[in-house]
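Visitor: Okay, sequence plus prediction incoming.
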Amino acid sequence: MSFSPLPPHAFQFKNALAPFLYGDALPLPESLDPAQVQQRFTEHQVGFGHLGTAFWTPALTLWAFLRQVLSADRSCRQAVCHVVLAFALTRPPEAFDTAAYCRARAKLPTALLERLALDVGHQVEAHAPAAWLWHGRHVQLVDGSTSRLPDTPENQRAYPQPKSQQPGLGLPIVRWVVLVSLATAGVLGLAYGPYQGKQTGETALFRRLLKHLRPGAVVVADRYYCSYFMVALLRACGVDVVLRLHQRRRYDFRRGRRLGRYDHVVVWQRPARPTWMDEDTYAQVPTTLEVREIRRRVQEPGGRVQELTLATTLCDAVAYPADDIAELYHQRWQVELDIRSLKTTLGLSDLRCLTPFMVEKELWMNCLAYNLVRRVAAQAALRSEQSPRSISFKASKQALLGSWDGLSFTEAAAEATQVALGLLQALAKEHVGDRPGRCEPRAIKRRPKPHKLLREPRGAAKARLLRSWRGLASRQSPVPVARR
């Protein structure tokens, strides 16, 4: 543990962001530097922690919150202990009371955390070199997942458990859809909502992310997103698509404009207006779409899919050969790995906050921490002329936590730069395993604990156990009960 020689009010945003390797002598100095963070806090009028007696300033709260979501122990008590002991040299250790820290976290606006997270992702994406791009274009991957929440009345009202589960047995679930860069693996957009109900599906959430798309980008997604109106909306944004053809859409390679073997261009006709679309928007949707369809055989041992039929708006067969498009769709699997990093490595699978108000902050803080770790991996990739996806996310997170206090409290810029360069050099050797053609069973070896499943509400189960215990005690001979 490194102890801070600074009082809490002297701890600035440059200290809070120091673990993420900021500096003019390091790669990507333009992506969310401390001055930009200070500007964002000013824009959102964050004004707590200015009194001389205050301990939790905005910079200190951001620093503690980031470390909390990156740590294996994500409790508020551990975060408070770390911060209080870090400043033990400049003021007497405070009581390990999490109330003040939790109030400070609640004062960070959700819109601010969203802005910071997306700033990091988009700025790193904007500085991606041409070697990271696909045919000179930015590719963005889309997919969705869910997170479980603590079973509180507030969370149940905002994000109710599935109706298939008995009341008192399930957990609140939040559904989210993420927009991820293929080049940098950074999160470029996130939309979330209840698990079920009207306009809560993945495609409805994805429509809320269209504002984050830049003209000229290419969106890659699975067959769930392959619909006429989704393609039309994306084309209206100036975005091309590569999608797996939906299983209900018929195709016939004997028709259309032939480009090659199992490669042709056809015209899709506009279907009837869906219930979620208003008449004005429907009138602006073109009546036809020119779509290229490609079919390729998948020769991968152990693969569940033997053939793939793709739909794309990249209709120029010379600029975009069919095999290149098929290989691009093969890279769609990267978003599954990114979601695994978010849920397993970062802990987004199970959130901890007890109210929807704080759940939203926790979601965006996880995205901010994830993007900052990906930014460090991109720095290491730039210095070693590699791809950011070749740098291990877990190793990057572990390296940042290991150097957290040392970088935060290093006052000499030259020393901090030397440590950061050494860290980037070490991260360049932390490669993700390259296992082409890997064939593994979709099963786990480690058995779960043989606990019984709770099949009734906990209160009812406890009452049944107490009744059983009292009945058993009344039938036994009277023996003096030991006092506890």
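Guide: Yep, it's here.
Visitor: Report the residue spans of this protein with pLDDT below the cut-off.
Guide: 1-5, 89-96, 300-304, 437, 473, 476-484 (pLDDT under 70).
Visitor: All the strands of the protein, in order from the start?
Guide: Secondary structure of the chain (DSSP state E): strands located at 139-148, 173-181, 187-194, 218-221, 240-244, 257-260, 263-269, 288-297, 307-312.
Visitor: which secondary structure elements does the first one contact?
Guide: Using 3 or more C-beta pairs under 8 Å, 6 or more residues apart in numbering; DSSP states H and E as the contact criterion, the secondary-structure elements in contact with strand 139-148 are strand 173-181, helix 202-207, strand 218-221, helix 333-340. In this view, the C-beta of every residue, glycine as well, is placed from N, C-alpha and C.
Visitor: Repeat that for the last one.
Guide: Using 3+ C-beta pairs under 8 Å, 6+ apart as the contact criterion, the elements in contact with strand 307-312 are strand 240-244, strand 288-297, helix 322-330.
Visitor: Would you mind listing the outside residues contacting stretch 307-327?
Guide: 135, 218, 226, 231, 234-235, 240-245, 249, 251, 259-260, 262-263, 265, 289-298, 329 (C-beta atoms under 8 Å, 6 or more residues apart in numbering).
Visitor: out of these, which are buried?
Guide: Burial by neighbour count, judged by 16 or more other C-beta atoms under 10 Å, picks out 218, 226, 231, 234-235, 240-245, 259, 262-263, 265, 289, 291-296, 329 from the contacts of stretch 307-327.
Visitor: How many neighbouring residues does H44 have?
Guide: Using other C-beta atoms under 10 Å, H44 has 16 neighbouring residues.
Visitor: Also L472?
Guide: L472 - counted by other C-beta under 10 Å - has 9 other residues nearby.
Visitor: Likewise for the one 3 residues further on?
Guide: Counted with other C-beta under 10 Å, the neighbours of R475 add up to 6.
Visitor: Using a markdown table, please lay out the strands of the chain together with distance to L6.
Guide: Shown next, in a markdown table, are those (distance: least, C-beta to C-beta, whole Å):
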| stretch | distance to L6 |
| --- | --- |
| strand 139-148 | 36 |
| strand 173-181 | 36 |
| strand 187-194 | 32 |
| strand 218-221 | 46 |
| strand 240-244 | 50 |
| strand 257-260 | 65 |
| strand 263-269 | 62 |
| strand 288-297 | 59 |
| strand 307-312 | 55 |
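Visitor: got a list of what D151 touches?
Guide: G170, L171, P172.
Visitor: hey, what's the spatially closest residue to the second one that is not a sequence neighbour bridged with?
Guide: Put plainly, it is L171. Leaving out its chain neighbours, the residue that sits closest to L171 by C-beta to C-beta, 6 or more residues apart in numbering is R148, at 4.7 Å. Going by DSSP bridges, R148 is paired in beta bridges with I173, D350.
Visitor: And R244, by the same measure?
Guide: According to DSSP bridges, beta-bridge pairing links R244 with L310.
Visitor: That one against Y251, yeah?
Guide: No - using C-beta atoms under 8 Å as the test, R244 is too far from Y251 to be in contact (11.9 Å).
Visitor: so the residue nearest to L171 sits right up against L351, yeah?
Guide: Yes - at 7.2 Å, R148 counts as touching L351 under the criterion of C-beta under 8 Å.
Visitor: between those two, who's got more neighbours?
Guide: A direct count of neighbours by other C-beta under 10 Å for R148 and L351 places L351 higher, at 21 against 17.
Visitor: Contact partners for E114?
Guide: E114 touches L190, W364, C367, counting by C-beta under 8 Å, 6+ apart.
Visitor: Of the residues you listed, which is the most crowded?
Guide: Highest neighbour count within the contacts of E114, by other C-beta under 10 Å: C367, with 28 neighbours.
Visitor: who are the neighbours in contact with L190?
Guide: Per C-beta under 8 Å, 6+ apart, neighbours of L190: E114, A117, W176, V177, V178, L179, L209, L363, W364, C367.
Visitor: And it, how close does it get to L363?
Guide: Note on L190: its distance to L363, by C-beta to C-beta, to the nearest Å, is 7 Å.
Visitor: Please enumerate the shared neighbours of those two.
Guide: Joint contacts of L190 and L363 (C-beta under 8 Å, 6+ apart) are W176.
Visitor: Need the helices and strands packed on strand 307-312 in JSON lines (columns: distance to G23).
Guide: Below are the helices and strands packed on strand 307-312 laid out as JSON lines (distance: least, C-beta to C-beta, whole Å):
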{"stretch": "strand 240-244", "distance to G23": "37"}
{"stretch": "strand 288-297", "distance to G23": "46"}
{"stretch": "helix 322-330", "distance to G23": "35"}
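Visitor: gap between whichever helix in the chain runs longest and the chain center?
Guide: If you go by DSSP state H, the chain has its longest helix at helix 356-384. Here the centre of helix 356-384 is set off from its chain's centre by 8 Å, with C-alpha atoms, centre = their mean, to the nearest Å.
Visitor: Just give me the neighbour total for P286.
Guide: 12.
Visitor: Leaving aside the residues adjacent along the chain, what's closest to it?
Guide: That would be A232: by C-beta to C-beta, 6+ apart, it lies 6.2 Å from P286.
Visitor: do R464 as well
Guide: E456 (7.9 Å).
Visitor: how much space between that neighbour and G170?
Guide: Taken as C-beta to C-beta, the span from E456 to G170 is 12 Å.
Visitor: Out of the strands of the chain, flag the one nearest V84.
Guide: Checking the strands of the chain against V84 by C-beta to C-beta gives strand 139-148 as the closest, at 29.4 Å.
Visitor: wait, A183 sits on S390?
Guide: No - A183 sits out of contact with S390 when judged by C-beta under 8 Å, with a separation of 11.9 Å.
Visitor: Now stretch 126-136: buried residues?
Guide: H127, A128, W132, W134.
Visitor: outside of it, which residues touch it?
Guide: 28, 30-31, 138-139, 181-184, 218, 319-320, 324, 328, 378, 382, 385, 387-388.
Visitor: what's the span of it, first residue to last?
Guide: 12 Å (C-alpha to C-alpha, to the nearest Å).
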